[in-house]
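> structure, please.
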Amino acid sequence: MITVIAKSILHNIGVLLVSFLVAYLGRGADLLLGIASFSSTATCIAGCVLLALGFFVRTWAAVHFYQHGLRVVSLAPQATLITTGPYRFSRNPLYLGGNVFMFVGAALFLGSVMALVITALHLPLIDRFIRREEEQLEQTFGEAFVNYKRRTRRWL
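Got it, this is the predicted structure:
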């Protein structure tokens, strides 16, 4: 179990770094476009809370993947339908934790308007990717996935 938790934490440190990379790129775009930072104590605190929440949600979700012998990053459909842990509340806690909470958290922490814009613009693309994954899951798991989809929201 400790190995699974350590692996999950290490995996999500990479996502945390990507979140800050996007925020730094956004901050650079802000500077190029002459957009002032909106950074304040409140936005830094809100950013830290979202970063921590996102890291926790992603790590919790990754632990469930690894416990079932699955890969967190996989282009092939998964062999197991996970409906426990954070998957009771969201069908996509990995995306929710990383692409929403962590990206928004890093943008708020740095006070970057363009990082928020980048995050907002990429979410419809992520949602489209999720819908494609859900089609694969429905083909693989049939009625079990349909029932899961009925009782669990895509995001929150």
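
> name the residue most distant from the centre of the chain?
Gly34 (29.4 Å; CA atoms, centre = their mean).

> looks like Arg88 contacts Thr152 (just checking).
Yes. Assessed by CB atoms under 8 Å, Arg88 is found in contact with Thr152 at 6.8 Å. C-beta here means a position set from N, CA and C on the backbone, and glycine is covered the same way.

> now do the helices in the chain.
Applying DSSP state H to the chain gives helices spanning 2-33, 41-67, 93-95, 103-110, 113-141, 143-151.

> what's around Ser40, how many residues?
Neighbours of Ser40 under the rule other CB atoms under 10 Å: 11.

> list the contacts for the nearest residue to it once chain neighbours are set aside?
Spatially, and ignoring its direct neighbours in sequence, Ser40 is nearest to Gly111 (7.2 Å; CB to CB, 6 or more residues apart in numbering). By CB atoms under 8 Å, 6 or more residues apart in numbering, the residues touching Gly111 are 27, 37-40, 43-44.

> one more: Ile5?
By CB under 8 Å, 6+ apart, the contact set of Ile5 is 59, 63.

> how near is it to Ala62?
Distance of Ile5 to Ala62, computed by CB to CB, to the nearest Å: 9 Å.

> which neighbours do those two have in common?
With CB under 8 Å, 6+ apart, Ile5 and Ala62 have no common neighbours.

> pick out the residue nearest the middle of the protein.
Residue closest to the average C-alpha location in the chain (CA atoms, centre = their mean): Gly98, at 2.3 Å.

> tell me the pLDDT at the closest residue to that residue other than its chain neighbours?
Spatial nearest neighbour of Gly98, excluding adjacent residues (CB to CB, 6+ apart): Val15 at 4.6 Å. We have a pLDDT of 96 for Val15.

> wait, Val15 sits on Arg58?
Yes. Using CB under 8 Å, Val15 is in contact with Arg58, at 6.1 Å.

> between those two, which one's more packed in?
When Val15 and Arg58 are compared for neighbours, Arg58 comes out ahead with 27 against 20, by other CB under 10 Å.
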